[in-house]
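**Q** Fold the following.
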Amino acid sequence: MPSSHYPRLVWVFLRLNILNELQYRTNFWLQMLRSLVGLGTALAGLGVVFAQTDDLGGWGRDELLALVGVYFIVGGLVNLVLVPSLSRFVQDIQQGTLDYLLTKPEDAQVLVSIRQVEVWRCIDLGLGIAIVGIALVRLGDRVGPGQVAGFGITLVAGVTIIYAFLLILVTTAFWVVRVDNILYVFQGMYEAGRWPVGIYPPWMRATLTFVVPIAFAITIPASGLVGRLSLPTLLGAVALAVVLLALSRWFWTRGVRRYAGASA
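**A** Residues are numbered from 1 along each chain as shown. Model (predicted):
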């Protein structure tokens, strides 16, 4: 399927999921409550910290507000499409129903990655954008075109890194079927992204950067927005995104071959 058709495919899945979710409108209010509680908890945490100090690991109040916004944006994007889609992918392997997608003319990896959409997660996305907007107003002249460009590039790279990382994790289901808890573990680790990784002990910082790459998804994009991003870090994030994306594709291809052989 030509890549130019992918946006239309995304829209088809989005429309189908919207129609399905509209049957359960109570979910909207539950998600709204959940999102507001999460936002209130994050802001309350900032309030407690800055009642005691003027900065946290060198980050000021408005800079951390921008980081919280990025946390909600990335979390909204990941939980909007990636987590529900990849969770369903694991279920398909366990139930032996993945063949239905593998026989489609479109790229199976694309279908697996975008077919399930939790539309109410757009609330998190919207809250994150609003928080970043407020932070930008408060930061004022400190944010220029260069910072916005660095933020955009690293945000795309960060989401790509998370996607590739999660795809590699769930693709292990081709070899080890019972991997149900992998995505839950990731969600738990993601909570640490509410704060800059620099404030954590060295072992935790290394874990959140190189083992579970939360830093590339949240701290580095936020650093770009507030003028803390160096060129080597930006280039490193882009390079890691490209490498992990290629690795995840290779891993996926090997896994599909193994699954096809087993089903045959």
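**Q** after the lowest-mean-pLDDT helix or strand in the chain, next one along is what?
**A** Evaluated with mean pLDDT, DSSP states H and E, the helix-and-strand set of the chain has its lowest mean pLDDT in helix 6-21, which scores a mean of 68. Going down the chain from helix 6-21, the next helix or strand is helix 26-50, by DSSP states H and E.
**Q** Mean confidence (pLDDT) on that next one, please.
**A** What helix 26-50 shows for mean pLDDT is 77.
**Q** next one: stretch 155-165
**A** Mean predicted lDDT for stretch 155-165 stands at 95.
**Q** In that stretch, which residues are buried?
**A** Of all the residues in stretch 155-165, those buried under the rule 16 or more other CB atoms under 10 Å are 155, 157-165. Where you see a C-beta, it was placed from the backbone N, CA and C, and this is true even at glycine.
**Q** for it, the distance to its chain's centre please.
**A** On the basis of CA atoms, centre = their mean, to the nearest Å, stretch 155-165 sits 7 Å off its chain's mean C-alpha point.
**Q** swap in stretch 149-163?
**A** Relative to the centre of its chain, stretch 149-163 is centred 10 Å away, using CA atoms, centre = their mean.
**Q** so A149 is in which element?
**A** Here A149, judged by DSSP H and E, is contained in helix 145-171.
**Q** Against which helices or strands is that helix packed?
**A** Counting contacts by 3 or more CB pairs under 8 Å, 6 or more residues apart in numbering; DSSP states H and E, the secondary-structure elements packed against helix 145-171 are helix 61-77, helix 83-95, helix 108-114, helix 182-190, helix 214-217, helix 219-225, helix 231-263.
**Q** closest one to R205 among the ones you listed?
**A** Relative to R205, the nearest member of the helices and strands packed on helix 145-171 by CB to CB is helix 214-217, separated by 7.7 Å.
**Q** Can you list the neighbours in contact with that closest one?
**A** Defining contact as CB atoms under 8 Å, 6 or more residues apart in numbering, one finds that helix 214-217 is touched by 74, 154, 157-159, 161-162, 189-190, 192-193, 197, 205, 208-209, 237, 240-241.
**Q** Now the buried members of those.
**A** With neighbours counted using 16+ other CB under 10 Å, these contain these buried positions: 74, 154, 157-159, 161-162, 190, 192-193, 197, 205, 208-209, 237, 240-241.
**Q** burial of the closest residue in space to W120 that isn't next to it in sequence, as a residue count?
**A** Of all residues not flanking W120 in the chain, Q31 sits nearest, at 3.7 Å (CB to CB, 6 or more residues apart in numbering). With neighbours defined by other CB atoms under 10 Å, the count for Q31 comes to 19.
**Q** Give me the distance between Q31 and G158.
**A** When distances are taken as CB to CB, to the nearest Å, Q31 and G158 turn out to be 23 Å apart.
**Q** Q147 now?
**A** Noted for Q147: a distance of 16 Å to G158, by CB to CB.
**Q** Tell me where the model's unsure across the stretch 1-150 of the chain.
**A** Screening the stretch 1-150 of the chain residue by residue with the criterion pLDDT under 70, one finds the ranges 1-7, 9-14, 17-25, 27-28.
**Q** do that again at 90, thanks
**A** For the stretch 1-150 of the chain, applying pLDDT under 90 flags the ranges 1-62, 79-81, 84-85, 87-127, 138-147.
**Q** So D54, which state does it fall into?
**A** State at D54, reduced to three classes by DSSP: H, G, I helix; E, B strand; the rest coil: coil.
**Q** How many residues are close by it?
**A** Residue crowding around D54 was assessed by other CB under 10 Å; the count is 8.
**Q** and the closest residue in space to Q91 that isn't next to it in sequence, backbone torsions?
**A** Closest residue in space to Q91, ignoring its immediate chain neighbours: T97 at 7.9 Å, by CB to CB, 6+ apart. The phi and psi torsions at T97 (degrees, to the nearest 10) take the values phi -100, psi 10.
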